[in-house]
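[1] following is a predicted model, sequence given first.
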Amino acid sequence: MSHIAENLRAVHARIERAAQAAHRSPESIELLAVSKTFPAEDVRAAFAAGQRAFGENYVQESLAKIEALADLRAQIEWHFIGPLQSNKTRPVAEQFDWVHSVDRLKIAQRLSEQRPDALPALNVCLQVNVSGEASKSGVPARDALALARAIAALPKLRLRGLMSIPEPADDIQAQREPHRILRTLFETLCAEGLALDTMSMGMSSDLEAAVLEGATMVRIGTAIFGKRDYSH
């Protein structure tokens, strides 16, 4: 068995333990394997081990990877999870199944306009800045409802839920706080009549905290593929 297959098994075991601790079904939590900076062969190895959903951050790198894995396209779900500039929306609208990092209306409008008619609606998440860091992408929580309503009204997009990338924290209680903010906001938006089903939160270091707070999708890279090398 490849090290990627072994790592995937270990991550699924972590999700299962966290789900049990949260009195949740492990099936209610989807694993998104974050393959950014890793080669197409690693994605292929993860696919061979049963993984189907992959997350990418960089437009050019991901397009090359999608092309290299064209033979698997019908079975792979590609998620764009990085910051998205308005001049890069077209290839994402054309090639991806999900976009997690929508944080302003202009981006959503461009994705809506550029989504090919032949494809199903593009699944999108609204990225929320739960830590209040000026350096972080994401809409402030107070503006999320108005933006969510505007996005939900756009054609060829399907607003699925919320996504966050909180500040790193060491202990599980501190890790849970920003995830709790996102969950509370999610519940508010649902109560306001938005049909949401996705909370994209939690990474390799805080997966357990995210599951305890209700994550439906965890974005795991390092724990599956290993340490990233950004030198290239």
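    All right, it came through fine.
[2] now do the SS call for residue 124.
    Classification of residue 124 using DSSP: H, G, I helix; E, B strand; the rest coil returns strand.
[3] try the one 10 residues further on
    Of the three states, residue 134 takes coil under three-state DSSP.
[4] what pLDDT does the model give it?
    The model reports residue 134 with a pLDDT of 73.
[5] pull the number of nearby residues for residue 83.
    15 (other Cβ atoms under 10 Å). C-betas here are computed from N, CA, C, even on glycine.
[6] my error: substitute residue 23 in the last question.
    Neighbours of residue 23 under the rule other Cβ under 10 Å: 7.
[7] how close does it sit to residue 151?
    Separation of residue 23 from residue 151 (Cβ to Cβ, to the nearest Å): 32 Å.
[8] need phi/psi at residue 201.
    Main-chain torsions, residue 201, degrees, to the nearest 10: phi -160, psi 150.
[9] hmm, I typed the wrong one, I wanted residue 227.
    Dihedral pair for residue 227: phi -70, psi 140, per degrees, to the nearest 10.
[10] look up how far residue 46 lies from it.
    In this view, residue 227 and residue 46 are 16 Å apart by Cβ to Cβ.
[11] which element is residue 14 on?
    Residue 14 belongs to helix 3-21 when elements are defined using DSSP states H and E.
[12] who touches that helix?
    Residues outside helix 3-21 that contact it (Cβ atoms under 8 Å, 6 or more residues apart in numbering) are 25-26, 28-29, 31, 33, 42, 45-46, 48-51, 207-208, 211-212, 218, 220, 223-226.
[13] select only the buried ones of these in PyMOL?
    In PyMOL syntax, the buried subset of these is picked out as below (16 or more other Cβ atoms under 10 Å):
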select buried, resi 26+29+31+33+42+45+46+49+51+207+208+211+212+218+220+223+224+225
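[14] point out where this protein drops to low pLDDT.
    For the chain, the stretches flagged by pLDDT under 70 are 232.
[15] quick one, strands of it?
    Taking DSSP state E as the criterion, the chain contains strands spanning 30-34, 53-56, 77-80, 98-102, 122-129, 139-140, 157-163, 198-200, 217-220.
[16] how far away is the most far-flung residue of the chain relative to its centre from residue 35?
    The C-alpha centroid of the chain is most remote from residue 1, which lies 27.0 Å away (Cα atoms, centre = their mean). As judged by Cβ to Cβ, residue 1 and residue 35 stand 19 Å apart.
[17] and if you look at residue 165?
    The spacing between residue 165 and residue 35, counted by Cβ to Cβ, is 17 Å.
[18] one more: residue 74?
    Using Cβ to Cβ, we find residue 74 at a distance of 18 Å from residue 35.
[19] residue 39: neighbour count?
    By other Cβ under 10 Å, 14 other residues sit near residue 39.
[20] which residues does it contact?
    Counting by Cβ under 8 Å, 6+ apart, residue 39 touches residue 65.
[21] what's the closest non-adjacent residue to residue 49?
    Excluding its sequence neighbours, the residue lying closest to residue 49 (Cβ to Cβ, 6 or more residues apart in numbering) is residue 5, at 3.7 Å.
[22] ugh, wrong one, residue 77
    Spatial nearest neighbour of residue 77, excluding adjacent residues (Cβ to Cβ, 6+ apart): residue 53 at 4.4 Å.
[23] next: residue 43.
    Excluding its sequence neighbours, the residue lying closest to residue 43 (Cβ to Cβ, 6+ apart) is residue 35, at 5.0 Å.
[24] show me the contacts for the one you found.
    Taking Cβ under 8 Å, 6+ apart, one finds 42-43, 46, 54-56, 65, 221, 225 in contact with residue 35.
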